[in-house]
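>>> What follows is a predicted protein model with its sequence.
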Amino acid sequence: MLKDAVFKDIYIACGYTDLRAGIDRLATLVKDQFELDPFMTDTLFLFCGRRQDRFKGLVWEGDGFLLLYKRIEAGRIQWPRDSSELVSIDTAEFRKLLEGFAILQKSTIQQVKCKTIA
């Protein structure tokens, strides 16, 4: 099972990615847009399209790339959509993501500026 796999680093591409992209295009995206080396071993790069019931993963295994594709049959992934940046997550957050929980939520509590009474 993917959520039981052990990765040294896990990155998710926030926002939307065209899931028609294959290995070469996703590796180029990691290199050019996010300025990371797609050839890092034990590193998982995750991408999600407009539909939140499927995603792709890219892993360099030392002798070639492994392209993962998962489609959720019932439910959706709470993928962060705020920007087009790459965010590092840990294994626990990855498991939460695969279980349908939101992992990069904005705070619902906002700071309030107090007015000084003179």
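Thanks, I have it.

>>> any weak-confidence spans in this protein?
Applying pLDDT under 70 to the chain flags residues 1-5, 84, 103-118.

>>> where exactly do the strands run in it?
9-13, 43-48, 54-60, 65-71, 86-89 (DSSP state E).

>>> Distance to Trp79 and mean neighbour count added to these, as JSON lines?
Yep, even glycine has a C-beta here, placed from its N, CA and C like the rest. As requested, those are arranged in JSON lines below (distance: least, C-beta to C-beta, whole Å; neighbours: other C-beta atoms under 10 Å):
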{"stretch": "strand 9-13", "distance to Trp79": "7", "mean neighbour count": "21"}
{"stretch": "strand 43-48", "distance to Trp79": "4", "mean neighbour count": "23"}
{"stretch": "strand 54-60", "distance to Trp79": "7", "mean neighbour count": "20"}
{"stretch": "strand 65-71", "distance to Trp79": "12", "mean neighbour count": "12"}
{"stretch": "strand 86-89", "distance to Trp79": "11", "mean neighbour count": "16"}
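
>>> can you list those in JSON lines and add distance to Gly100?
What follows is the strands of the chain, written out as JSON lines (distance: least, C-beta to C-beta, whole Å):
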{"stretch": "strand 9-13", "distance to Gly100": "15"}
{"stretch": "strand 43-48", "distance to Gly100": "13"}
{"stretch": "strand 54-60", "distance to Gly100": "12"}
{"stretch": "strand 65-71", "distance to Gly100": "13"}
{"stretch": "strand 86-89", "distance to Gly100": "15"}
